[in-house]
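Participant: No letters, just coordinates:
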């Protein structure tokens with residue numbers, strides 16, 4: 001873990017009978033201060049969750065609840081028989097987001 005000497009960053013990883021912003025018998029990972037949570041690969045910022053709860057992919061400063069600053073490929077399907085609407089991955093083999101008529105939402109990666 002790295003931390004700036006200028007301002008300490010509180011970080012938490014908890015998997016037990018949790019406290020803080022989690023419910024009983026759950027897990028959380030995140031900051032315990034007002035700092036952003038950043039996921040990186042190859043020393044490059046990939047995903048940022050701001051202290052305000054905004055999520056950014058490909059940028060560090062989201063202007064909305066979710067901002068994706070990258071090329072997107074998606075396929076959509078509407079199934080009248082099951083009353084579902086799906087966004088699929090670029091190979092069209094995975095229903096990554098499915099919205100059902102009853103209002104439920106399923107996401108997978």
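Facilitator: On my side now, so go ahead. Please read all numbers here as calculations on a predicted model, not as lab measurements.
Participant: Now do the same for residue 105: its pLDDT.
Facilitator: For residue 105, the pLDDT comes out at 62.
Participant: got the domain boundaries for the chain?
Facilitator: Domain assignment for the chain, taken from automatic domain parsing, gives 11-68, 75-107.
Participant: mean pLDDT for the ones you listed: which is lowest?
Facilitator: Ranked by mean pLDDT, the domains of the chain bottom out at domain 75-107, with a mean of 64.
Participant: Tell me, how many residues neighbour residue 36?
Facilitator: The number of residues packed near residue 36 is 19, by other Cβ atoms under 10 Å. (C-beta placed from N, C-alpha, C; glycine too.)
Participant: which one is it nearest to, not counting chain neighbours?
Facilitator: Distances taken as Cβ to Cβ, 6 or more residues apart in numbering put residue 50 closest to residue 36, at 5.0 Å, once the chain neighbours are dropped.
Participant: where's that neighbour relative to residue 44, distance?
Facilitator: Residue 50 sits at a distance of 18 Å from residue 44 (criterion: Cβ to Cβ, to the nearest Å).
Participant: So which of these two has more stuff around it?
Facilitator: Under the neighbour definition other Cβ under 10 Å, residue 50 and residue 44 were set side by side, and residue 50 has more, 16 against 6.
Participant: from what I can see the more buried one touches residue 63, true?
Facilitator: No. Taking contacts as Cβ atoms under 8 Å, residue 50 lies outside contact range of residue 63: 10.6 Å.
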